[in-house]
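A.B. asks: Got a sequence here, can you build the structure:
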Amino acid sequence: MEEENKDLDKLQANNLTVGKYCMIDGEPYKITKINKAKPGKHGAAKMIIVGVGVLDDKKTEVSFGSKDMIDVPNLKRTEYP
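C.D. replies: Presented below is the predicted three-dimensional model:
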């Protein structure tokens, strides 16, 4: 039985929007751009996601199937006086 990670949720790729966060290669990224490729003759629609790393400001581009489940980090904002 797999151990559940309480710091991550799953979200379908077609529900991601610009400004949200997702996990790419195990690192948190803020989504800056999303392109949607239409379904073709042999496959489903694709989501091309461009993101900037939260920890290292590295820009990366990945593609997912529109129905793929993507890890999304649970973020809590704490403001200090």
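A.B. asks: Now the element after the longest strand along the chain, going C-ward?
C.D. replies: Under DSSP state E, the strand in the chain containing the largest number of residues is strand 27-37. Taking DSSP states H and E as the definition, the helix or strand that follows strand 27-37 towards the C-terminus is strand 46-53.
A.B. asks: Using PDB, write out the CA atom coordinates for the next helix or strand along the chain from that next one.
C.D. replies: Once the chain leaves strand 46-53, the next helix or strand it forms, by DSSP H and E, is strand 59-65. In PDB, the C-alpha atoms belonging to strand 59-65 read as follows (Å, rounded to 0.1, in the frame of the first residue of the first chain):
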ATOM      1  CA  LYS A  59      12.000  27.900 -16.800                       C
ATOM      2  CA  THR A  60      10.800  24.600 -18.200                       C
ATOM      3  CA  GLU A  61       8.200  23.200 -20.600                       C
ATOM      4  CA  VAL A  62       6.400  19.900 -20.300                       C
ATOM      5  CA  SER A  63       3.400  18.300 -22.000                       C
ATOM      6  CA  PHE A  64       0.700  16.100 -20.400                       C
ATOM      7  CA  GLY A  65      -2.400  14.400 -21.700                       C
END
